[in-house]
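Trainee: Predicted model and sequence follow; I will ask about them next.
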Amino acid sequence: MIEFIAEYFDFISNLTASRFIEIFWYFLIFDFVRYVGIEFLIIVLHELKLKFKKENHSDAREKMFREYPLVSVIVPGKNEGKHLKKLSDSLLKQTYKNIELIVVDDGSDDNTPTIGRKENREGIITLFLRNNVRGGKASAANLALRYASGKFIVHLDADSNLYFDAIEKLILPFYIDDKIGAVGGDVRVDNRHETLVNSLQGIEYGKTISIGRQVNSALGILRIISGAYGAFRSEILERIKGWDIGPGLDGDITLKIRKMGYKVKFAHKSVCYTNTPTSFRALAKQRYRWNKSTVRFRLRKHIDLIKPDANFNILNAIAVIDNIWYNLILNANWLFYMFQVTVIFPESTFFIVLTNYFLYLFSNMVQFAIVLFLSPNKYTRQEEMKLIPYLPLMPLYTGLFLRLVRSFAYIMELLFKRSYDDPWNPWKVSRIAKEEGM
Amino acid sequence: MELKPILHISNSGKSSSEIVVLPEKEFSIDLLPDYSAVVLENSPELREQIGNIKRDNRDSVYLKPLFVWSERPLQDTYIIELIDGQIVAEPIIEYTTRFHALISKINDTITNLVPFHGVKDNDEYEIELKVIRHLYSRNASLTPLRSAETLHGYTYPIIQAFLGNGSYQEFILVDFLKNRELVAGSFVDKIHHCPHCYSSYLNFREICYKCGSADLYVEDLIHHFRCAYEGPESDFFTENGLVCPKCHKTLKQIGVDFDRPSEIYTCNSCKQVFQDPDIDVRCINCGEDTVIDNVLERRVEKYELTALGKTSAQNGIMFTLKDELKDTLDIVEYNVFKKVVDVERARIGRYKKSESSVLRLSFNNYIELAAREGENLEHLNQEIGEAIKKLTRTSDVISFRNNTELLLLFTETSEEWSKHALNRIVETLTSLVENSTQMQLDISTRVHQIKGNQSVDVILKSLEEND
């Protein structure tokens, strides 16, 4: 053991700057620069900007509360009966009161209808609708939209619940800038202490959503408003008649709205808690589905965004390219990198891997420090700090586990179009999608 | 036995040795005891005539075999149920042979009935007794007849005739007979009654849960697969059929490119949208509105006499072992007994100081005994009651699960001691019955010590097996 440590020290001390770059170029160029360097820079700039623009917000806030528009919170879901009460309770406690809650039960066979109808009668749920035959999330969301009367539509997942001022903070951006068409909220993991997998997702969501989307939003290239929690101007949704078939219907609709010329922003202080998979198996299934949809929608459906035609918009193009680059292309690149390391530096493979691990760990720690610094409130910060012990596992989680799932998903979708067979949509819907090449 | 002649009420026709023809104006129901049967002719007054006969309280009148003569087959189902046969355009002479056996049997039965006045205080059971005697004499069933004439949906013609008119009282009466185990029922139908006036003439309406209006518009929701649009069918209406308002494709075939996952209601009064309307019930008779949960639901049954029913009819007695022992023993209702056992169980479970037991004593051949003893039954029941009283303590609780199953709670008594005590009771009762009746009393028993961790249902269920 001691010998090993000595050898490792040897290896590290023998690394010159150029040698370091030669071996660890992948980490440096892609992960460190993009995710740590640029993010850090953007965050600093953004925070400074915010500090100077505080009066805009109070103006906007006053305008919002004077007008006090109806906000329709639409909740499509299947078999989330056990989460429904927490969701509706969290809406009752909102600082913003002019809310109507529309829940659509998409063919549940648990106690969702019982709970839903009861709360409907009690007035807690404004309208509870049920599809006796499951139609899929998009159709359920569209049904809710059809009966929504609000000026703004908030789409909320049925297994989620909101922090007490979430709605207010989510709607405010619409009053800051008329050109904003959709606003995404900060999605955090509700059951982060349930299992190890949940804790790791807790950290991951902090990095990719809380910070990652803030950065994208600041840069104007936010490409996805989480299906779990996001707000839209209802006139926009009415125009495009709601959502199209998923999976990935959240990314799909965000890009559609961008194509219409609207801005898409991230409301960092509007916090939503959602339930995440509790086992690696369930998590892999979820990410497999999400990753396939990246290919189906980013690459296939919305590839027109990077075509230099009359509708070309540089930010839209960057949003798509950034996504394709970092998810698709770099994934392939990483495989190349690993191949390179094992073939070119076989004698030091293990040390290289170990050093990569430490580098990624460092990167994770910096990112998490940013997450803590930018935490919306004392409560969220306290909760985040409890996740610190899990940081050492993050390089394995992101670098190995998620990467493997992603690679597999891309292959399955690119080569076999597997997303059309996903039971996430009912077969009757997938069949039509497949036939019509959607 | 030679039969008395038949009385035929007719304004034409000749008498013979077997049949006496009497014009209507000379008819009086007081004549009936002198005849073996009565034949009435179909006329508008027929119902009234039959009613008069049935409302009389003499066995020899209301139980008299009753026939109707008419030119054509009778259409009135109510009358058909009441009478013992119809004679359709048959010469008077000829029908006597056809009904001879029936008339004979009924008259035999009537003759052998124990007169019911003077035995106990049976006036309160008058109509109930008439009903079971009617069934007994004809070996008939009590069949409900669907009827739009009465307010209650169904009627038991013979009971209606005894009461004088169709009313909810008929159902109260059959419930009484059933609870007494004098009749056993089999399912015919289920019916609903207004909780205010018991009428079955009910109007069921779907109403808006917000404003209560019945003015609702209902339509299907349509889900169009290819574009995920989902909305009410009216969104899709065009001159050329159903067209999707989102992607503008014409809908082709349900199940292929679209489906109808559910319905949706819109209230035309307040515009509320919902899927689960309330059901309101308006009584056409009294006009009261009731929520569906409060509407009275009843099983309508056809009844046959039980052995106990036949014995009661024969002997003109309506009381039961439970009724009889009520005078001598302090009997509690079953639901009260269950509660007491539950409290005892909880007490034992908590303090762990006591031992108590529940016991069952079933009189398995009580019915045969009752059938045999007839008039002496009352006296025997009293003796049984006294015997049990002597062998139990005031700290014990006694109940009946049904008419022949006695339940006991022996407090502060272990299973072993309870068995001793029960055996003493059984021995005493067996010899008492044998001495009085020469019959062997068939008793089965069960003793179960109460355990604090068992539920009361488990404890009582354990009494169902035999020791």
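Mentor: Arrived safely. Numbers count the residues shown, from 1 in each chain, chains lettered A, B, ... in the order given.
Trainee: Pull up the pairing partners for the lengthiest strand in chain A, direction included.
Mentor: Criterion DSSP state E: the longest strand present in chain A is strand A:263-274. Under the criterion DSSP bridges, strand A:263-274 sits next to strand A:160-162 (antiparallel), strand A:180-189 (parallel) in its sheet.
Trainee: any chance you could map the strands in the stretch 151-300 of chain B?
Mentor: Here the stretch 151-300 of chain B has its strands, by DSSP state E, counting those that start in this stretch, at B:154-155, B:183-193, B:202-207, B:216-224, B:229-232, B:237-238, B:241-242, B:258-259, B:263-267, B:273-274, B:278-283, B:289-291, B:296-305.
Trainee: thinking again about what came up before, the strands paired with strand A:263-274 into JSON lines, with extra columns for mean pLDDT and mean neighbour count?
Mentor: In short, each C-beta sits where N, CA and C put it, glycine included. Below are the strands paired with strand A:263-274 laid out as JSON lines (pLDDT from 0 to 100; neighbours: other C-beta atoms under 10 Å in any protein chain shown):
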{"stretch": "strand A:160-162", "mean pLDDT": "94", "mean neighbour count": "24"}
{"stretch": "strand A:180-189", "mean pLDDT": "94", "mean neighbour count": "26"}
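Trainee: can I get those strands in a markdown table with distance to residue B:327?
Mentor: Formatted as a markdown table, these follow (distance: least, C-beta to C-beta, whole Å):
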| stretch | distance to residue B:327 |
| --- | --- |
| strand A:160-162 | 66 |
| strand A:180-189 | 74 |
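Trainee: Per-residue pLDDT of the residue in the stretch 301-438 of chain A that chain B sits nearest to, please?
Mentor: Closest residue of the stretch 301-438 of chain A to chain B, C-beta to the nearest C-beta: residue A:432 (4.2 Å). Listed pLDDT for residue A:432 reads 79.
Trainee: these two touch, right, it and residue B:226?
Mentor: Yes: if you go by C-beta atoms under 8 Å, residue A:432 and residue B:226 touch, sitting 4.8 Å apart.
Trainee: three-state assignment of the residue nearest the centre of chain A?
Mentor: Centroid check for chain A by C-alpha atoms, centre = their mean gives residue A:226 as the closest residue, at 4.8 Å. Here residue A:226 is recorded as coil under DSSP: H, G, I helix; E, B strand; the rest coil.
Trainee: ok, for it, nearest residue in space, not its chain neighbours?
Mentor: In space, residue A:226 comes closest to residue A:187 once its chain neighbours are excluded; the distance is 4.9 Å by C-beta to C-beta, 6 or more residues apart in numbering or on different chains.
Trainee: count of residues packed around the residue of the stretch 151-300 of chain A at minimum distance from chain B?
Mentor: In the stretch 151-300 of chain A, the residue found nearest to chain B is residue A:241; the distance is 3.8 Å by C-beta to the nearest C-beta. Applying other C-beta atoms under 10 Å in any protein chain shown, we find 18 residues neighbouring residue A:241.
Trainee: which residues touch the closest residue in space to it that isn't next to it in sequence?
Mentor: Of all residues not flanking residue A:241 in the chain, residue B:246 sits nearest, at 3.8 Å (C-beta to C-beta, 6+ apart). Taking C-beta atoms under 8 Å, 6 or more residues apart in numbering or on different chains, we find residue B:246 in contact with A:241-242, B:224, B:227, B:229.
Trainee: next one: residue B:294
Mentor: Residue B:294 makes contacts with residue B:195, as judged by C-beta under 8 Å, 6+ apart.
Trainee: Check the gap between it and residue B:192 for me.
Mentor: 11 Å (C-beta to C-beta, to the nearest Å).
Trainee: Would you mind giving both backbone torsions of the residue of the stretch 301-438 of chain A closest to chain B?
Mentor: Main-chain torsions, residue A:432, degrees, to the nearest 10: phi -60, psi -40.
Trainee: Let me know how buried it is, in neighbour terms.
Mentor: 20.
Trainee: Then residue A:70?
Mentor: There are 13 residues near residue A:70, going by other C-beta under 10 Å.
Trainee: The nearest residue to it once chain neighbours are set aside and residue A:75: what is the separation?
Mentor: Distances taken as C-beta to C-beta, 6+ apart put residue A:150 closest to residue A:70, at 4.1 Å, once the chain neighbours are dropped. Residue A:150 sits 13 Å away from residue A:75, taking C-beta to C-beta as the criterion.
Trainee: for residue B:366, same thing?
Mentor: Remark: distance between residue B:366 and residue A:75 (C-beta to C-beta) = 64 Å.
Trainee: just residue A:366 next, same as before
Mentor: Residue A:366 is 37 Å from residue A:75, where distance means C-beta to C-beta.
Trainee: higher neighbour count, those two?
Mentor: Higher neighbour count among residue A:366 and residue A:75: residue A:75, with 28 against 16, using other C-beta under 10 Å.
Trainee: who are the neighbours in contact with that one?
Mentor: A:87, A:101-104, A:144, A:156-158.
Trainee: tell me the strands in the stretch 1-150 of chain B, going along the chain?
Mentor: All strands of the stretch 1-150 of chain B, identified by DSSP E, counting those that start in this stretch, fall at B:6-9, B:19-22, B:37-41, B:66-70, B:85-88, B:145-146.
Trainee: As CSV, the ones you listed with mean neighbour count would be great.
Mentor: Converted to CSV, these look like this (neighbours: other C-beta atoms under 10 Å in any protein chain shown):
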stretch, mean neighbour count
strand B:6-9, 22
strand B:19-22, 18
strand B:37-41, 24
strand B:66-70, 20
strand B:85-88, 17
strand B:145-146, 14
